[in-house]
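# quick one, what's the 3D model for this:
(chains A, B and C)
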Amino acid sequence: MARMKFYCDAERCIECNACVTACKNEHEIPWGVNRRRVVTIKDGEEGERSLSVACMHCSDAPCATVCPVDCFYTTGDGIVLHDKDICIGCGYCFYACPFGAPQFPEEAAFASRGKMDKCTFCAGGPEEDHSSDETRKYGRNRLAEGKLPLCAEMCSTKALLSGDADVISDIYRKRVINRGASAFNWGVNFNNSKISG
Amino acid sequence: MIANLIDGPLWYFSLAVFSLGVLWQLVSIIFASRKPDLSVARGAAGPAALKTVFSRFLPHREIRPQVGIQYIAGYLFHLGLFALLFFAAPHVVFLEENLLGFGWTTMPHWAFIVSAQAAFFGLIILWLRRMVNPVSRLISTTDDHVAAILTFVVMLTGCLALLEGFEALRLLHRFTVELWLIYFPFSALMHTFTFIPSRAFTGAWFGRRGVDA
Amino acid sequence: MRFKTLLLLLCLLLPQFALADGPPKKPNYPEGVSSISPGSELWGAVRQRDGVLLDGVSQVRGVDAGILINEQGYRWARFRVSELTLYSAWALAGVLVLIFLIYVIRGKVGIEGGLSGNMVRRFSDYERIVHWVLAIVFLFLALSGLILLLGRPLLIPLFGKEVFSLMASASKEGHNLVGPLFLVSLLMMIFSFVRRNIYEKGDLTWLLKGGGFIGKDHVSGGFFNMGEKTWYWMVILIGLVISVSGLILVMPIFGQGRIIMEIAHVIHVIGALALIVVSIGHMYMGSIGTEGTLEGMKTGYVDINWADAHHDRWGRECHEKDLIVSAEEYARLVGKPSVDEADGRETT
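Coordinates of the predicted model:
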């Protein structure tokens, strides 16, 4: 079976936030919750890089490890999903996730955070595919329609890649080779993209 | 099936028992026959009755220093409970949908929690005082204890259901509320309403009686 | 006594396991490599290999939104799930076994000469209310906290995920609401009992003689003996630590990042476990472990023989100031009906 992953090419990401907008729109995500975000490092300086990050669907997910009610599960495609009916909104997954993927609808003193929400790789949730319950709780299930996540599909520069890990790494490998081999761009990418001058 | 019972017939039954019971108890108190007072009136009964209803919110000046924890805990509990019953968002939404058809502005979530904490703390201290103070313990009846503990259980089940995500917890809270409503008219909890005629009667009595010297 | 100190030391050392294990060494680039891939420097910085936090910028506003990778999260998750739950379960099981063995081997600590029936006032009504409100709040918090800590390995196999998530949600909401009440009760306890818990001359002797627990040797003690004082200071100091870390956890509105939350969480759990473990001993000694002790917290009065046996310096004061109350007087004061010895009539 495929192992589904995301990869964001830092050389191509132009911080347009189309992935963020596409995701929020497609799944009708409420205010304050952001399944995907673009992070820019060294903003305004030489060596500025942007990356689009959401749930990375880790093989050994720390969120699944730490959840006190064990509400996470990994599908056959390697996608990490969770059951909102079981989630108690404690926030441990947010603490454990290296990428800060889990999001919560409430934030106030003493507040119940509400049920956790995160990127589902556009694969819905434990409910029946395309049911109204699934759409209401987890958003659209594109994978069941045979489509890839919308964020990657909408990426204006094809920086964000999604799909089977082998296919993605193949695409990226070709990109790296081409960058190095371009007669006009020889050294441009390498030298000007050092992080310190 | 139990859910349908709790959300349906039992809710209406408990409301009926509560409203009719309270009404019946109050009517029988207020319209109870009294012997005519043949003494010469010293002062007016009416104004004194009204004054006493409010003046008794504070202890008598002479014993004020001694009263301490009971009054503090008492106000903490009652004010907290009032705030959380009538101004907590989940309750106002419930009343609007199930009873009244209209709602009102509610407290922010943190204020709801703080009122609940005050109510919990006050009630625990009040009940402990009832158990610890030898006089209170001696004169407390089973009814007093059940009233306190049942109110505590209602508040506790409400607290446990705060996430508003689990049907069973919501039903448990609603069920304890219904038990509380049914128990209310036949118990010490009636002090919610009877404190007014009680204070008014005493005030009227002492306002009228006496020697005009 | 030594066990408590060792436990305390262990608890102080434990947090380092969660967040230690510093950055791995930088790779040495082999000779002859003309251009180093810039990607490696970029990703090394993002990964915080040299321990410097790389803060980025995001259009998404939120706590830690600018941080790409928080490497402490994974360490904390591992610690929470393996070491913390395991050691907690062992500590709890251990103390329960220890108390059981103490009960079986040493048994109830009695009083030479038995109880006399003549009582002396030990705790006022207010002091008893303060103790019991703290106890009730603590027990609720301990139970709900333990359900959250040990539920996944112990309770999910018993109840299944759906039922357990209901229990866990109820525990979490209850724990978060009742938590601040612990701080309030703790403050009340600090002010009621602090003067009598200050260590004084004679406490070290009490400790060195093992509190007279083993054997029948009489050990001198004040109003509170050294063991009780130490428990008091544990409750106050560790309780304050638990309260502060708890408040940090329950109010995520001040922009605390995940690392602060993780550290607060570890401190909170270890502190709470220390209190729970020792409180089991406290509950044992205060009830079935010693004859005549529970009456002090229940009625406010203790037998004068109990005072002379366990707290003789205070007992002597009671004798000197003639604070002793006879059995009949005591029965009247606590509202018990007592039988008048002369005529056998019941009097209240």
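
# could you use CA atoms for every contact and neighbour count after this?
OK.

# return the alpha-carbon coordinates of stretch B:131-151 using PDB.
Provided in PDB are the C-alpha atoms of stretch B:131-151 (Å, rounded to 0.1, in the frame of the first residue of the first chain):
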ATOM      1  CA  MET B 131     -21.000  18.200  60.500                       C
ATOM      2  CA  VAL B 132     -18.200  19.800  62.600                       C
ATOM      3  CA  ASN B 133     -20.100  22.200  64.800                       C
ATOM      4  CA  PRO B 134     -21.600  20.100  67.600                       C
ATOM      5  CA  VAL B 135     -24.800  22.100  67.900                       C
ATOM      6  CA  SER B 136     -25.500  22.100  64.100                       C
ATOM      7  CA  ARG B 137     -24.700  18.400  64.000                       C
ATOM      8  CA  LEU B 138     -27.100  17.700  66.800                       C
ATOM      9  CA  ILE B 139     -30.000  19.600  65.300                       C
ATOM     10  CA  SER B 140     -29.400  18.500  61.700                       C
ATOM     11  CA  THR B 141     -32.000  16.200  60.200                       C
ATOM     12  CA  THR B 142     -31.600  13.700  57.400                       C
ATOM     13  CA  ASP B 143     -33.400  16.200  55.200                       C
ATOM     14  CA  ASP B 144     -30.700  18.800  55.800                       C
ATOM     15  CA  HIS B 145     -28.000  16.500  54.700                       C
ATOM     16  CA  VAL B 146     -29.800  15.100  51.700                       C
ATOM     17  CA  ALA B 147     -30.600  18.700  50.500                       C
ATOM     18  CA  ALA B 148     -26.900  19.700  50.700                       C
ATOM     19  CA  ILE B 149     -25.600  16.500  49.200                       C
ATOM     20  CA  LEU B 150     -28.200  16.400  46.400                       C
ATOM     21  CA  THR B 151     -27.400  20.000  45.500                       C
END
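
# okay, buried residues for that stretch please.
Buried residues in stretch B:131-151, counted by 16 or more other CA atoms under 10 Å in any protein chain shown: B:131-134, B:137, B:145, B:147-148, B:150-151.

# go on, stretch A:10-23?
So, applying 16+ other CA under 10 Å, buried residues of stretch A:10-23: A:10-11, A:13-15, A:17-23.

# and the contacts of it?
Residues from elsewhere that reach stretch A:10-23 (CA atoms under 8 Å, 6 or more residues apart in numbering or on different chains): A:34-40, A:49-52, A:150-152, A:154-160.

# and for stretch B:113-126?
Stretch B:113-126 has contacts (CA under 8 Å, 6+ apart) with A:110, B:70, B:72-81, B:83-84, B:148, B:152, B:155, C:129, C:133, C:177-178, C:180-181.

# pull the distance from it to the chain's centre.
Distance, stretch centre to chain centre, for stretch B:113-126: 14 Å (CA atoms, centre = their mean, to the nearest Å).

# in chain A, what spans have low per-residue confidence?
By pLDDT under 70, the weakly predicted segments of chain A are A:180-197.

# helices or strands up against the lengthiest helix in it?
The longest helix of chain A (DSSP state H) is helix A:165-181. For helix A:165-181, the packing partners by 3 or more CA pairs under 8 Å, 6 or more residues apart in numbering or on different chains; DSSP states H and E come out as strand A:4-8, helix A:188-192.

# what about the first one, near chain C?
Put plainly, it is strand A:4-8. No - counting by CA under 8 Å from any CA of the partner chain, chain C has no neighbours in strand A:4-8; the shortest distance is 12.4 Å.

# likewise for stretch A:70-80?
Yes - using CA under 8 Å from any CA, stretch A:70-80 reaches chain C at A:D70.

# quote the end-to-end distance of that stretch.
End-to-end distance of stretch A:70-80: 12 Å, with CA to CA, to the nearest Å as the criterion.

# now do C:L96 against chain A, distance only.
Going from C:L96 to chain A by CA to the nearest CA, to the nearest Å gives 24 Å.
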